[in-house]
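**Q** This is a predicted model, with the sequence first.
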Number of protein chains: 2
Amino acid sequence: MSKTIVLIAKNIKRLREVKKLSQKEICAGSGVPQGQYSRIENGKVEPSVSTLEKLAKVFEVSIAEFFKSSDVNDLLNLPLLEKIKMIDKLGKEEKQALFKMIDIAIVNKRMKDNLQNLIDQ
Amino acid sequence: MSKTIVLIAKNIKRLREVKKLSQKEICAGSGVPQGQYSRIENGKVEPSVSTLEKLAKVFEVSIAEFFKSSDVNDLLNLPLLEKIKMIDKLGKEEKQALFKMIDIAIVNKRMKDNLQNLIDQ
DNA sequence: AATGTATATGCATTTTAATATATATTTGCA
DNA sequence: TGCAAATATATATTAAAATGCATATACATT
């Protein structure tokens, strides 16, 4: 039982529960047969990308959402962790200043990426 | 040719180029045969989750990375929930400006609707 | 307990990715 | 240009998901 399949399974089940929908409804909206959907929610199969695509549509999320982990242990392996820990030790003002800079960086990066894409097309 | 496959293909190719590695090297590190890897980079196949898992490992990223788009059109088409999440990441000023614009839009719409009602009567 | 609804499982068939292998094609460079 | 490495493609085989369908099991409501 792969870690990733379990992760996908949990995320999909959680999303369905958040929306308070039955499997039947998800299946009607996505075209995925109920039997197969059940197997996916229970991590019995490795759903294909096209299946995930259909499900992402009814859940109104990006497929990336299915792969996001909220498990601390997974985050522990990220190289970023050390940095985050250090940020956490900073004072209130330093932290706020840092976060603002991060935000600006993100926005700028996204704008740059988008511009680049437009140029490339 | 599904949009998602192309997205995955582009992301994987980009990641490899960033790392300046050959397909051969990626394949040695991941266990994915070179032929198959080539097909993936060219959007000829829909890679399975377990294949993506292997690749994510050598690229040192989360699988979610493969599904992220920096295309403006895709950002515009993101499901509402995703958009809200992105808004949430914006800086204070950007957020306030955005909310003001949304308010104005709503007010305008309401005025238009009311006018229409008066006309219809 | 009985009934209806939701979810899980079983099974045969179809479809498609993964693989191994070989080979063709492109690309970079001396 | 010509060679070598990198990348793309071809084919046959294997493995696993998708599907349709049937049915079993769990869950709730009266």
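**A** Nice, I can see it. Small disclaimer: the values here were computed from a predicted structure and weren't measured.
**Q** Run through chain A and note the low-pLDDT ranges.
**A** Counting by pLDDT under 70, chain A has low-confidence residues at A:1, A:70-121.
**Q** got the residues of it near DNA strand C?
**A** Taking C-beta under 7 Å from any atom of the strand as the contact definition, chain A meets DNA strand C at A:22-24, A:34-35, A:38-39, A:41-42, A:44, A:48. In short, each C-beta sits where N, CA and C put it, glycine included.
**Q** which of those tops the neighbour count?
**A** Neighbour counts for these, by other C-beta atoms under 10 Å in any protein chain shown, peak at A:Glu41, which reaches 19 neighbours.
**Q** measure the residue lying closest to that one once chain neighbours are set aside to B:Glu17 for me?
**A** Spatial nearest neighbour of A:Glu41, chain neighbours left out: A:Lys13 (4.8 Å); criterion: C-beta to C-beta, 6 or more residues apart in numbering or on different chains. To B:Glu17, A:Lys13 is 37 Å away according to C-beta to C-beta, to the nearest Å.
**Q** Show me which of the two is the more surrounded one.
**A** Comparing A:Lys13 with B:Glu17 by other C-beta under 10 Å, the one with more neighbours is A:Lys13, at 15 against 9.
**Q** Which of the three states applies to that one?
**A** Three-state call for A:Lys13 (DSSP: H, G, I helix; E, B strand; the rest coil): helix.
**Q** Which of the helices or strands spans the residue of chain A found nearest DNA strand C?
**A** Residue nearest to DNA strand C within chain A: A:Gly35 (2.9 Å; C-beta to the nearest atom of the strand). Using DSSP states H and E, A:Gly35 sits within helix A:34-41.
**Q** check contacts around A:Gly29.
**A** A:57-58 (C-beta atoms under 8 Å, 6 or more residues apart in numbering or on different chains).
**Q** hmm, 10 Å instead?
**A** Each residue near A:Gly29 by C-beta atoms under 10 Å, 6 or more residues apart in numbering or on different chains is listed here: A:21, A:54-55, A:57-59.
**Q** Over to A:Ile5?
**A** Neighbours of A:Ile5 in contact, by C-beta under 10 Å, 6+ apart: A:40, A:42-47, B:49-50, B:53.
**Q** what does A:Ile63 give?
**A** Contacts of A:Ile63 by C-beta under 10 Å, 6+ apart are A:8, A:49, A:52-53, A:55-57, B:4, B:7-8, B:63-64, B:66-68.
**Q** which bits of chain A sit near DNA strand D?
**A** Checking chain A against DNA strand D by C-beta under 7 Å from any atom of the strand, the hits are A:31-36, A:39-40, A:45-48, A:50-51.
**Q** quick one: stretch A:43-54 near chain B?
**A** Yes - using C-beta under 10 Å from any C-beta of the partner chain, we find that stretch A:43-54 touches chain B at A:45-53.
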